[in-house]
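# Compute the structure for the input listed below.
(one chain, ligands or ions: 1)
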Amino acid sequence: MPAESKTHTQSVKKESYQEYRVKKCRICASTDLFEYLSLDTMPIPNGFLAEKELGGPEPHYPLGVYVCMNCTLSQLTHVIPAEIMFRNYLYIPSTSKTMIQHFESMAADAVERFDVKPGELVVDIGSNDGTLLKFFKAHEAQVLGIDPASNLAIVARMNGVNTLDDFFSSRIAKEVAASQGKARIITATNVVAHVDDIHDFFKGVKELLAPEGVFIGEFPYGKDMHDKNEFDTVYHEHLSYFSIHSLKALFERHELKLADIVKQRVHGGSVRVFVTHKNASHKVSPAIKEFLDAEDEAGMTKREYYEAFAERVHKIRKDLTALLKKLKGEGKRIIGYGAAAKGNVTLNYCKIGTDLLDYIVDSVPYKQGRFTPGTHVPIFPELKLEKDNPDYVLLLAWNFADEIMQKQESYREKGGQFIIAIPNVRVE
Ligand code: DWN
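As a prediction, the model looks like this:
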């Protein structure tokens, strides 16, 4: 990953981009929006700072969540222009074995489930460094990545994945369909939640998808986020937090059919949705009704459901800061693990800085030597943990707890302990 001389957010002056407040639901245009969680204001969570940028301009943006009382889509109260966040993108899923294995099985499942033939076109929207498409290519599919991050498109092409460095849109869809034909499979992992003009996005999917083709989208599931208190999934990149009711309303507007849903463990609980043209031959799985019934049962059309979630989030902040202050008061040494975007949400929302955390360790080279946005905690390679052997480690990248705890078995054998805040504050 090329080291960036400036973080992309630092090179963008606040006055040149303004966030705007959402006034109607992104899916159904209802104005019946109920704001149920505010995380105050904070810098963009992937905006890691180089040392020389400390003390420089660090734009803070509002972070709050509405739910649409009509279609139950949860969505950010404010939208920051995509140009600021995605033209030079610093998150690379292939930095974790968990995600590489996840993408490998996703490609194999799609090829097998839909009998994808050699040479058929597979398009990945938000293709990042081409990791997922590399696996489809190994199944002899013709692949095309579409991603606005020019820095990642270079890496993808080096990986042998043909990549268009632009935002996906109905215009791009038309151009690809004309030049490369319709797609048998279109994938979008952790992308749809990042899209503001979601209707143009699916107008483009409709345009590019072959008659019997399948769109496979995967993103954190809104109900899991609420049920597991995963407030740190809320950040400026994630504009939408989908319920199945809201997805159904979305696809129906584009004569698309939600044919199947499969739960996934990644990123705190995601859904993988399989979507086809309305008149395609694919049958609708009973899973759809099961998800819809579960959402009704949980009370996702009632304000109380969201108010209860917000109360649990406030309790996590209270419990976590109290525990860290107590341990610090006892002279314990505490560090963080995983300079994740979600981790930066926790640090900024709970106002956790170098007063409580000595530093953070992280495996990703371009983050090492930088500082976290807003809280300015220094980031070091994981090796520093083994050398310093601190008393406690706050696991900020809890979505990789299995992989990280396994890697740090020896630290735990020496009595080291992990603090995990989601779904509730505990020491393991
Ligand atoms: O939508 C997104 C979600 C799905 O993934 C993206 N916007 C960004 C990303 O979210 P995140 O930043 O919360 O998760 P990461 O980047 O997957 O955070 C993991 C961090 O932990 C990385 O910086 C790498 C680090 N890590 C580590 O230091 N040692 C990870 C593993 C597995 C490890 O062993």
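
# From here on, just use CA atoms for contacts and neighbour counts.
Will do.

# where's residue 293, which helix or strand?
Per DSSP states H and E: residue 293 is located in helix 287-298.

# Going along the chain from that helix, find the next helix or strand for me.
helix 303-329.

# Which secondary structure elements does that next one sit against?
With contacts taken as 3 or more C-alpha pairs under 8 Å, 6 or more residues apart in numbering; DSSP states H and E, helix 303-329 sits against strand 33-42, helix 222-227.

# now for these, which one comes closest to residue 54?
Using C-alpha to C-alpha as the measure, strand 33-42 is the one of the helices and strands packed on helix 303-329 that comes nearest residue 54, at 15.2 Å.

# how far away is the closest residue to residue 343 other than its chain neighbours from the ligand?
Distances taken as C-alpha to C-alpha, 6 or more residues apart in numbering place residue 396 nearest to residue 343, at 4.6 Å, with adjacent residues excluded. For residue 396, the distance to the ligand equals 8 Å [C-alpha to the nearest ligand atom, to the nearest Å].

# residue ranges of the helices in the stretch 1-150 of the chain, please?
Along the stretch 1-150 of the chain, counting by DSSP state H, counting those that start in this stretch, helices occupy 8-11, 82-86, 97-113, 131-138, 150-158.

# what mean pLDDT does the helix holding residue 293 have?
Taken as a whole, helix 287-298 has an average pLDDT of 98.

# same thing with stretch 128-145?
Stretch 128-145 comes out at a mean pLDDT of 97.

# List of residues touching the helix holding residue 293?
223, 243, 244, 245, 258, 259, 260, 261, 305 (C-alpha atoms under 8 Å, 6 or more residues apart in numbering).

# So which bits of that helix are buried?
Across helix 287-298, burial judged by 16 or more other C-alpha atoms under 10 Å covers 288, 291, 292, 295.

# so which of those are also by the ligand?
With the criterion set as C-alpha under 6 Å from any ligand atom, no member of the buried residues of helix 287-298 is near the ligand.

# Mind naming the longest strand for this protein?
Taking DSSP state E as the criterion, the chain has its longest strand at strand 209-220.

# Under a three-state scheme, what state does residue 248 occupy?
Residue 248 falls in the helix class when you classify it by DSSP: H, G, I helix; E, B strand; the rest coil.

# ok, now which ones touch it?
Counted by C-alpha under 8 Å, 6+ apart, residue 248 has contacts residue 258.

# Point me to the residue sitting farthest from the middle of the protein.
residue 330 (36.0 Å; C-alpha atoms, centre = their mean).

# Leaving out chain neighbours, which residue sits closest to the residue nearest the centre of the chain?
When C-alpha atoms, centre = their mean is applied to the chain, the residue found nearest the centroid is residue 190 (5.1 Å). Excluding the flanking residues, the one nearest residue 190 by C-alpha to C-alpha, 6+ apart is residue 219, at 4.8 Å.

# what's across from the one you found in the sheet?
Residue 219 has the following beta-bridge partners by DSSP bridges: residue 271.

# Near the ligand, which residues of the stretch 101-250 of the chain are found?
190, 237.

# Can you name the residue of the stretch 101-250 of the chain nearest to the ligand?
For the stretch 101-250 of the chain, the residue closest to the ligand is residue 190, as judged by C-alpha to the nearest ligand atom, at 4.9 Å.

# Name the SS class of residue 229, please.
Residue 229 ends up coil, using three-state DSSP.

# What's the local residue count around it?
If you count neighbours by other C-alpha atoms under 10 Å, residue 229 ends up with 23.

# Also residue 21?
12.

# Next one: it from the ligand, what distance?
The gap separating residue 21 from the ligand is 21 Å, by C-alpha to the nearest ligand atom.

# again with residue 272
From residue 272 over to the ligand the distance is 13 Å, taken as C-alpha to the nearest ligand atom.

# ok now do the closest residue to that residue other than its chain neighbours, which residues does it touch?
Spatial nearest neighbour of residue 272, chain neighbours left out: residue 218 (4.3 Å); criterion: C-alpha to C-alpha, 6+ apart. Shown in contact with residue 218 (C-alpha under 8 Å, 6+ apart): 188, 189, 190, 191, 192, 270, 271, 272, 273.

# ditto for residue 213
Applying C-alpha under 8 Å, 6+ apart to residue 213 gives the contacts 183, 184, 185, 186, 276, 277.
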